[in-house]
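In: Got a predicted structure plus its sequence, pasted below:
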Amino acid sequence: MRYVKVLTVLACVGIIAGCAEDTKMPKSTFGDDLKFLKKHTEVVVLSDASGDSQVAVLPEMQGRVMTSSATGAGGLSFGWINRELVSAGEFVEHINVFGGEDRFWIGPEGGQFSIFFKNGVPFDLEHWFTPAPIDTEAFELVSASKNRAVLKKDMRLENYSQTVFDLRVDREVRVLGQEEAVNELGMTPAKGVKMVAFESTNKMTNTGSQAWKKETGLLSIWILGMFNPSPRTTIVVPFHAGSESTLGPVVNDAYFGKVPSDRLVVKDGVLFFSGDGQYRSKIGLSPQRSKPTLGSYDAVNKVLTVVQYNKPQGVTDYVNSMWELQDEPYKGDTVNSYNDGPPEPGAKPMGPFYELETSSMAAALDPGEKISHIHRTFHLQGSQSQLDPIAKAALGVTIDEIESAL
């Protein structure tokens, strides 16, 4: 692929207004998406023993899980894919939003320890660039079997404060078998529920000669999942209830302007956030508030999505990605959710899609030391009565409560 600078291409990944009409195409089957992807890049297809649960991994696109299915080639394709950008054969300068429901990134995005801004430049879009190792460079496929792909990537990154990081990323994507999926989910779905479950285990090792210290900047593992929205998709985020004087604010909802009250409802121990892909907005929860589970429910397609991640107890240092010089660079979010929409009135959205994101703690690593972050995704399809006990067990609320929240 070659780089291009034209604004029309930036428009198609949502950095500025305007995108092609094919973003309104009907939802594809997994087989449709697989056929499309194989025309443009290497695809490793993983599956469980039955062959029904399938996952598409793209080594050339940082080993991301682009999409998955609970019912084979003819099943609903869960991951959002930017078909125009994938098929363009060209990279854009600032970010290449190819899509994918489990993609590897590294934080922080903003601040004096950002790896997206060079030293001394303003924190604005013109000077913001996604580092090539997590944007355009391929990961090496080390091995692949029926249900597992192992990848790696050596990187050198430099932050805003001119600290240089030498590191290796080891990434394993694995489809969970039925028994393991049930064990991780904490309950057995009713007969007739279709499920795909997969996880990425992501390790970051300091391969340099210097320790990574808070004073000069730390990195974190950041996994983002991009999913196809519907008019009745609701994101569900359980959180630790308690006073703000003890735990701080429940949610940061001011990333792109405060989220309207009809799109974000905070109840006792759980919040509901619209994932309809019609209004650009983002939320984040601190380590004091977040729990190791979040999810969504698509009432149109009857799909319950559950995301789990490993959250170390008692850890409060998470990198801060706000685009400013920060007083508290380690007061960042543990989980985030983004709902796409027009960046300004009359403009077209980036996708549309919605995101469920998790981050590791800030990695203060000595030479040779590593940190690991696990991000696990379940998609379950069934009737409301079948999915209801799963939602209650995994997210603490019933399907009725989710549907009536917004």
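Out: Everything's here; your move.
In: Could you count how many residues lie near residue 166?
Out: 15 (other C-beta atoms under 10 Å). Bear in mind the C-beta positions are built from the backbone N, C-alpha and C, glycine included.
In: With residue 243 instead?
Out: So residue 243, with other C-beta under 10 Å, has 7 neighbours.
In: Please report how far it lies from residue 49.
Out: 48 Å (C-beta to C-beta, to the nearest Å).
In: pretty sure residue 64 contacts residue 105?
Out: No: assessed by C-beta atoms under 8 Å, residue 64 is found out of contact with residue 105, at 9.9 Å.
In: which one of those two has more residues nearby?
Out: Between residue 64 and residue 105, residue 64 has the larger neighbour count (other C-beta under 10 Å), namely 29 against 20.
In: So what would you say the end-to-end distance of stretch 348-358 is?
Out: 27 Å (C-alpha to C-alpha, to the nearest Å).
In: swap in stretch 154-171?
Out: Using C-alpha to C-alpha, the distance between the terminal residues of stretch 154-171 is 12 Å.
In: heads up, I number from 22, so please use that
Out: Sounds good: first residue 22 from here, last item stretch 175-192.
In: can you list contacts of it?
Out: 84, 125, 127, 132-136, 138-140, 152, 154-155, 160, 171-174, 221-229, 233, 237-238, 240 (C-beta atoms under 8 Å, 6 or more residues apart in numbering).
In: what sits in contact with each of residue 85 and residue 126?
Out: By C-beta under 8 Å, 6+ apart, residue 85 and residue 126 have no common neighbours.
In: Partner strands of the host helix or strand of residue 127 and their direction?
Out: Residue 127 is located in strand 124-128, with elements delineated by DSSP states H and E. Partner strands for strand 124-128, per DSSP bridges, with pairing direction: strand 241-248 (antiparallel).
In: With just CA atoms, put the partner strand into CSV.
Out: C-alpha atoms of strand 241-248 as CSV (Å, rounded to 0.1, in the frame of the first residue of the first chain):
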residue,chain,number,x,y,z
SER,A,241,-0.4,0.5,28.1
ILE,A,242,-2.1,-2.2,26.0
TRP,A,243,-5.3,-0.9,24.5
ILE,A,244,-7.8,-3.3,22.8
LEU,A,245,-10.7,-1.8,20.8
GLY,A,246,-13.7,-3.7,19.5
MET,A,247,-15.7,-2.1,16.6
PHE,A,248,-19.2,-3.6,16.0
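In: Before I go, just wanted to say thanks for your time.
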